[in-house]
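S.K.: My questions are about this predicted structure, shown below with the sequence.
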2 protein chains.
Amino acid sequence: MMKKQNTITPKKALVADWTTLTRTFIKPEDDAARSTLIKYMEQILFGLQDFLKKHVGFTEEVSLLDLSKKFTDIRISKNPEKKLTDVLTDLIEDIAPHAVNVASPYFVGHMTSAIPFFMVHLKTIVAALNQNVVKIETSKVVSVVEKQVLAKIHRLIYRKSDAFYNEHIQSPSTTLGCFTENGTLSNLTALWVARNVFFAPKNGFDGVEKEGLQTAYKAYGIQRSVVLVSRRGHYSLNKAGGILGIGNHNIVAVDVDENSRIHIGSLNRTIKEIKNSREKTAILAVVGIAGTTETGTVDPLLKLGEICAENSIHFHVDAAWGGPTLMSEKYSHLLSGIELANSVTIDGHKQFYMPMSCGMVYFKDPEIMDQVIYHAHYVNRPGSVDLGIKSPSGSREANSLILDSALKIMGSQGYALLIDHGIETAREFAGEIEKRPDFQLVTPPELNILTYRLFPASLQKQILGPDVEQAISINEKLNKINRTVQRLQRETGNSFVSRTTLKMGNHLEQDKVVLRAVIMNPMTTIEILRKILDEQENIYKNTFT
Amino acid sequence: MMKKQNTITPKKALVADWTTLTRTFIKPEDDAARSTLIKYMEQILFGLQDFLKKHVGFTEEVSLLDLSKKFTDIRISKNPEKKLTDVLTDLIEDIAPHAVNVASPYFVGHMTSAIPFFMVHLKTIVAALNQNVVKIETSKVVSVVEKQVLAKIHRLIYRKSDAFYNEHIQSPSTTLGCFTENGTLSNLTALWVARNVFFAPKNGFDGVEKEGLQTAYKAYGIQRSVVLVSRRGHYSLNKAGGILGIGNHNIVAVDVDENSRIHIGSLNRTIKEIKNSREKTAILAVVGIAGTTETGTVDPLLKLGEICAENSIHFHVDAAWGGPTLMSEKYSHLLSGIELANSVTIDGHKQFYMPMSCGMVYFKDPEIMDQVIYHAHYVNRPGSVDLGIKSPSGSREANSLILDSALKIMGSQGYALLIDHGIETAREFAGEIEKRPDFQLVTPPELNILTYRLFPASLQKQILGPDVEQAISINEKLNKINRTVQRLQRETGNSFVSRTTLKMGNHLEQDKVVLRAVIMNPMTTIEILRKILDEQENIYKNTFT
């Protein structure tokens, strides 16, 4: 197998030679190394939550600045710096403690949480097989499995007939969607397709993908393209606007109503204005959100679907967060109308509880991705099942294998338990916030996300008066309080909520700094959430009063 | 911790309830399950190559069509379909055998190969920590490690001063590059930045990212944008042209010389023509390739760098494949001139031997990514170290942790042994091909990729005459022979070379179907390559004579 010069290895210094290489490539160097590795792997694979609790830091014990001073090594060492086991030990003993234990039930600030231990097993198997799903020749059956799982999730969204799925599930020429790195790239892909559908080839024009936007605008007599989404839209939509060449200023933010949902009146007005404007403008898409990042709100998807149909506009739903709610019999109705979408983004690493990172985008029309076909001489040849033909990606890992297995292990009902727990615990939490005099619930949970703020009772009374200037000054004070409490709580290192700044429906109202909780960890209970509020209250009192 | 209704589980059927959920979330259900899992994980983690040999199929024993008929399940089962251990057993016993053993030393067709066993351990740790590198709040020290490894690879390419790296390695406001999902997205990112640099904000114009291409063209008096690359350029560059709105027809393919390198005369002519054309055209970038996908050729990077500097054009180098050659003291000179590039793509899952998938893109100017900054209220706030601020991605896994560890374990010299082995074995293989009367070496290896074809001696004599029509007909015959032999060898299931179609430098010459070998597996020896040629010769003789 491995060969070449067998140099003599000195006792102390590590040397890169074929002997070392064979060891590091094939197997642990000796029994001691092997047992060190086994110890770690057993802890990780069979005691994941305990391992994380024991080894992984929480938040800010050491400041980022201090940490960054320790990682300033600019040289790749010529010979191995350390033995394999020492590097792994460092990872676990030195790096992990300064990472963030996102699996803690007290970590309710972001959309990253504990994952089931078997997900790590699945990820390990996928890494070992090391298939590249860009093409059949480096993945074979895995590409076929991917098409199957795409159909399963497509059906969860669109509920088409069995005949429809039988036709498309393994069809080499059509696709029901694609896997991407994350929701950002899924949103990009959806808008990429929407742009190309709008500026499709026609008499003498080869389509925007080939000829570019300048020529497309000329061919269609267009001067500007826009995408409409509520001001709660994810920033990836702006990024997509920038990348796709339509300009992120043309991702138009529509006002929201008092429930953080897109304001339908404003949307209709905006569409009308655009249609009547002197500058001829293409509306490439309207985006509905099923679970906004900041407030977890779901836009009125049915209504949006109707408006898009009437106006022949591509309807995209960003369900990166909320998509898996469709598995809950109790709460799937919250997403009614999603089946009207021309495209839907769903993330695997969010409420499918997969490890980082996995995005997906689905399309109602199995032929619509023909607008983004790419071939090459050595792969992705016309007629092949190579999944890279219709995809923003090149080489890709086989995340589909993880999702397909997880669906079998959990069942939709298993996922539904997690979803329901999140929604119901968030509601309990909202009740708890409303009971406390020094807090204000800002956006109640529709799914499992809510925002609130410290709003001391004394200040609540003052703001009720008619004095606008005073209200503004109190809001500024509140913003400062909430920014400070959030930071101090994070630095204390017991629990973590995030913060964001909400512009509410009314234009005159000021930006509100709010605390944001995302309840997805099944181990996060109302008792834990109460402790988090207690701590915030104490921090406020110790700092500001 | 976990709670809720403890329903009674029937003996046979699997039910999703909180008891099951706790089991699947936290730990194996019982000792039997645990020992099944341990058995698999031990095989995977400590006997990776043997495991793959034992469990993973090679190529086409079962046809893809037959396989696809077995994966047509469109329903997500409500309750768990199978126990965790059964799902994993299926993965290993039923799925893996129909995947592709890319780790076999006989698999020399693509840029995916055996990876060192420790890479799987690292991937497992990264999955267990489940950090999201989009922001500090879900990654902390890991973001700092990422900045360190970006500096290490940047220095490998650009060799700037220590003072330069000390300034930038941990600077929150500058970045030396970013991690992406793959080379495709790295190339997209490089051209995205180049486009935005060209169409930067100026008097009254807010820049292309905000205002879009239409307005940018008007502001700059431009009618068309192009990117120039040799006809061996990766198809992702065309895709990037489509996505970025400049149109993939405007990714202009420049002729290659007889060594598959970009033809400098043609490039200069093209630049001149564009500058003199009536249609005012922006040259957004010239792309040099350091290891073309099809032939492994390196463009004359020094010369390209000079031409770009003279003409003030963004110089991008696609070193997705060849980049790690810089670690070889013997062969790094092959990439001379790469340090002149404004941006460089390098893949982790190629010659850094990382698991799928990891791309990277580096920039000479640590401030150039300011052209693609995105902020949000709840993350990526101005002034933070959040890595998502300058990145095409949103949520991302911590691949940087794998690369940083691998560099320590291998040393640059360890990687150099792999690189040197590939280049030198490819040269030996080329010699072997040239010795055989029925083969023709089409593109000799510059790095570790070569192409060749079956070209029976009898036909070689016939093609030497002046008859053009006969030459064309012989070439067609050869194309058919090589297509057939490649397919039959793959279907036989012992070894795999890929095939591609090369358009050679001379316009008059016909497209040649060639066999393509990528030598990166350290276990691939010349003896194995001889056997592969023997098999091809036999297949040819049995099929065509």
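M.R.: Here it is on my side, so go on.
S.K.: And residue A:472, how close does it get to chain B?
M.R.: 19 Å (CB to the nearest CB, to the nearest Å). Using the backbone N, CA and C atoms, a C-beta is placed for each residue, glycine as well.
S.K.: try residue A:480
M.R.: Distance from residue A:480 to chain B, by CB to the nearest CB: 16 Å.
S.K.: tell me the mean pLDDT for the helix or strand that contains that residue?
M.R.: Using DSSP states H and E, residue A:480 sits in helix A:468-492. In this model, helix A:468-492 has an average pLDDT of 93.
S.K.: what does that helix rub up against?
M.R.: Contact partners of helix A:468-492, identified using CB atoms under 8 Å, 6 or more residues apart in numbering or on different chains, comprise A:59-60, A:109, A:453-456, A:459, A:462-463, A:465, A:495-499, A:501, A:510-515, A:532, A:535-536, A:539-540, A:543-544, B:137.
S.K.: Can you list which of these are found in helices?
M.R.: Filtering the contacts of helix A:468-492 for membership in helices, criterion DSSP state H, returns A:459, A:462, A:463, A:532, A:535, A:536, A:539, A:540, A:543, A:544.
S.K.: what sits against the third one?
M.R.: This points to residue A:463. Residue A:463 makes contact with A:470, A:471, A:474, A:475, according to CB under 8 Å, 6+ apart.
S.K.: about what we covered before: now tell me which of the ones in helices among the contacts of helix A:468-492 the prediction trusts least.
M.R.: Minimum confidence in those sits at residue A:463, scoring 77.
S.K.: ok, it to residue A:524 distance?
M.R.: Per CB to CB, to the nearest Å, residue A:463 is found 32 Å from residue A:524.
S.K.: now swap in residue A:233 and tell me
M.R.: Distance from residue A:233 to residue A:524, by CB to CB: 27 Å.
S.K.: do the same with residue A:39
M.R.: Distance from residue A:39 to residue A:524, counting by CB to CB: 30 Å.
S.K.: just residue A:86 next, same as before
M.R.: From residue A:86 across to residue A:524, the span is 36 Å (CB to CB).
S.K.: Looking only at neighbour counts, state which of the two leads.
M.R.: residue A:524 (27 against 16; other CB atoms under 10 Å in any protein chain shown).
S.K.: Quick check: pLDDT value at that one.
M.R.: 97.
S.K.: Please list all residues in contact with it.
M.R.: For residue A:524, the contact set (CB under 8 Å, 6+ apart) comprises A:105, A:106, A:108, A:425.
S.K.: In a markdown table, list the residues you listed along with neighbour count.
M.R.: Putting these into a markdown table (neighbours: other CB atoms under 10 Å in any protein chain shown) gives the following:
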| residue | neighbour count |
| --- | --- |
| A:105 | 19 |
| A:106 | 21 |
| A:108 | 27 |
| A:425 | 23 |
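S.K.: count of residues packed around residue A:422?
M.R.: Residue A:422 has 26 neighbours, counted by other CB under 10 Å.
S.K.: before we move on, which element is it in?
M.R.: Per DSSP H and E: helix A:399-435 holds residue A:422.
S.K.: Three-state assignment for residue A:68, please.
M.R.: The three-state label given to residue A:68 by DSSP: H, G, I helix; E, B strand; the rest coil is helix.
S.K.: Is the longest strand anywhere in chain A positioned near chain B?
M.R.: Among the segments of chain A that qualify as a strand by DSSP state E, the longest is strand A:281-289. No: interface with chain B: strand A:281-289 contributes nothing (CB under 8 Å from any CB of the partner chain), its closest point being 10.8 Å away.
S.K.: which strands and helices sit next to that strand?
M.R.: Counting by 3 or more CB pairs under 8 Å, 6 or more residues apart in numbering or on different chains; DSSP states H and E, the packing neighbours recorded for strand A:281-289 are helix A:183-198, strand A:224-230, helix A:264-276, helix A:301-311, strand A:314-318.
S.K.: counting contacts, what elements does the fourth one pack onto?
M.R.: Helix A:301-311 makes packing contacts with helix A:264-276, strand A:281-289, strand A:314-318 when contacts are defined by 3+ CB pairs under 8 Å, 6+ apart.
S.K.: So which of these is nearest residue B:446?
M.R.: Smallest distance to residue B:446 across the helices and strands packed on helix A:301-311 (CB to CB): 44.1 Å, for strand A:281-289.
S.K.: for the closest one, what is the average pLDDT?
M.R.: On average, strand A:281-289 scores 98.
S.K.: What angle do strand A:224-230 and that strand make with each other?
M.R.: Counting by axes from the mean of the first three to the mean of the last three CA atoms, to 10 degrees, strand A:281-289 points 20 degrees away from the direction of strand A:224-230.
S.K.: tell me the angle strand A:281-289 makes with strand A:314-318.
M.R.: For strand A:281-289 against strand A:314-318, the angle by the same axes, to 10 degrees is 30 degrees.
S.K.: Strand A:281-289 pairs with which strands?
M.R.: strand A:224-230 (parallel), strand A:314-318 (parallel) (DSSP bridges).
S.K.: Relative to residue A:296, how far out is the residue in chain A that chain B sits nearest to?
M.R.: Proximity of chain A to chain B (CB to the nearest CB) peaks at residue A:245, 2.2 Å away. Per CB to CB, residue A:245 is found 32 Å from residue A:296.
S.K.: again with residue A:343
M.R.: Taken as CB to CB, the span from residue A:343 to residue A:296 is 21 Å.
S.K.: Between those two, tell me which one has more neighbours.
M.R.: residue A:296 (30 against 27).
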